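K.L.:
Coordinates only, no sequence provided:
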């Protein structure tokens with residue numbers, strides 16, 4: 001029996017690139033919609049068809065004849081809530097409607113764990129609305145993947161942490177609860193393999209899943225794992241909250257005015273949330289220390305190129 005044809009958006013992003021590579025390695029045929037083909041030039045493969053343009057240009061062409069849609073497109077930051085909603089909600093809503101009209105049998109939405117706490121930030125709220133919009137516009141099987149903190153080679157968001165721990169320092173948001181905060185984390189290869197082995201075949205239909213390589217790691221535990229992975233002592237540096245709030249306020253203003261910045265007030269609230277743990281463990285996941293070692297070595301090689 002031939003494998004289903006997979007359509008994907010967001011294929012030029014960090015997770016998307018890993019997803020496409022894993023699908024092709026597993027023998028799937030893939031259609032990817034990207035803004036610019038050049039972003040996937042390294043993924044030349046006879047089973048990969050790349051469509052360039054917007055949803056208006058090629059939305060129907062993307063999903064027509066496809067069996068499964070992986071909706072991976074998303075915005076992690078925007079000048080305002082409307083910009084976040086444009087991609088995280090409206091884009092995915094329109095995509096789901098088109099897929100529904102074209103008879104796609106299964107939709108896998110890559111969301112975020114923060115959607116479980118939509119009051120924390122504009123980003124979290126936009127992901128929450130995006131999930132609901134997809135469910136309203138797609139009547140067949142839906143799997144929602146609320147990814148926790150994703151890391152691995154090529155991720156710009158977590159690279160600063162690896163740069164710091166390579167120097168033996170781990171800066172964390174301070175405050176009285178900093179030792180109690182727990183975060184689920186997933187190695188990108190584990191995430192994409194779990195989607196292939198479970199979401200694509202229906203094991204996650206009508207479910208909201210937070211696939212995790214490690215279910216809930218504190219900052220102290222993360223430092224210890226990093227010590228084992230890198231073979232060096234890691235000193236934790238709690239940053240006082242007043243300093244972080246000033247920095248986040250400046251970032252929020254810069255983001256609104258110029259689209260530059262990441263640690264907004266909302267993002268800081270996400271960092272300060274006490275319990276981002278998950279019980280959705282990935283079977284046979286990469287040992288956490290090994291995943292940290294692989295990722296750290298990637299950035300070291302990148303720096304020396």
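P.N.:
Nice, thanks for sending it over. Worth saying up front: this structure is predicted, and the values here are computed from it rather than measured.
K.L.:
going forward, measure contacts and count neighbours with C-alpha atoms only.
P.N.:
OK.
K.L.:
where exactly do the helices run in the stretch 1-150 of the chain?
P.N.:
Using DSSP state H, counting those that start in this stretch, the helices found in the stretch 1-150 of the chain span residues 14-25, 55-63, 81-85, 92-101, 122-137.
K.L.:
Least confident of these, on average?
P.N.:
Looking at those, the lowest mean pLDDT belongs to helix 55-63 (a mean of 89).
K.L.:
Per-residue pLDDT of the nearest residue to residue 112 once chain neighbours are set aside, please?
P.N.:
Excluding its sequence neighbours, the residue lying closest to residue 112 (C-alpha to C-alpha, 6 or more residues apart in numbering) is residue 146, at 4.1 Å. Here the pLDDT value assigned to residue 146 is 98.
K.L.:
got the contact list for residue 146?
P.N.:
110-115, 208-211 (C-alpha atoms under 8 Å, 6 or more residues apart in numbering).
K.L.:
Closest one of those residues to residue 253?
P.N.:
Relative to residue 253, the closest of the contacts of residue 146 is residue 114; by C-alpha to C-alpha it sits at 22.2 Å.
K.L.:
Can you point out the buried residues in stretch 172-190?
P.N.:
172-174, 178-179, 181-190 (16 or more other C-alpha atoms under 10 Å).
K.L.:
for it, the distance to its chain's centre please.
P.N.:
With C-alpha atoms, centre = their mean, to the nearest Å as the basis, stretch 172-190 stands 16 Å off its chain's centre.
K.L.:
Out of the contacts of residue 146, who's the most crowded?
P.N.:
Among the contacts of residue 146, residue 211 has the most neighbours (other C-alpha atoms under 10 Å), with 28 neighbours.
K.L.:
Surely that residue touches residue 285?
P.N.:
No: using C-alpha atoms under 8 Å, residue 211 makes no contact with residue 285, being 10.1 Å away.
K.L.:
How about residue 141, nearest residue that isn't a chain neighbour?
P.N.:
residue 106 (4.7 Å).
K.L.:
Provide a list of residues in contact with the one you found.
P.N.:
Per C-alpha under 8 Å, 6+ apart, neighbours of residue 106: 67-69, 140-143, 200.
K.L.:
could those be laid out in TSV, adding distance to residue 61, neighbour count and pLDDT?
P.N.:
TSV is the format used below for the contacts of residue 106 (distance: C-alpha to C-alpha, whole Å; neighbours: other C-alpha atoms under 10 Å; pLDDT from 0 to 100):
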residue	distance to residue 61	neighbour count	pLDDT
67	13	19	95
68	14	24	97
69	12	27	98
140	19	15	96
141	21	17	97
142	21	23	98
143	22	24	98
200	21	21	97
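K.L.:
Closest to residue 269 out of those residues?
P.N.:
residue 143 (27.2 Å).
K.L.:
my guess is the closest one contacts residue 109, does it?
P.N.:
Yes: contact between residue 143 and residue 109 holds when scored by C-alpha under 8 Å: they sit 6.3 Å apart.
K.L.:
For the host helix or strand of residue 224, which outside residues touch it?
P.N.:
Element membership for residue 224 (DSSP states H and E) is helix 219-230. When contacts are defined by C-alpha under 8 Å, 6+ apart, helix 219-230 is touched by residues 165-166, 170, 172, 178-179, 181-182, 232-236, 288-290, 292-293, 296.
K.L.:
Can you give me the distance of residue 219 to residue 29?
P.N.:
Distance of residue 219 to residue 29, given as C-alpha to C-alpha, to the nearest Å: 40 Å.
K.L.:
before we move on, back to that, okay, buried residues for the helix holding residue 224 please.
P.N.:
219-220, 222-230.
K.L.:
now those as TSV including pLDDT and distance to residue 267?
P.N.:
Shown next, in TSV, are the buried residues of helix 219-230 (pLDDT from 0 to 100; distance: C-alpha to C-alpha, whole Å):
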residue	pLDDT	distance to residue 267
219	95	18
220	96	21
222	96	20
223	95	22
224	96	25
225	96	25
226	95	24
227	95	27
228	95	29
229	95	28
230	93	28
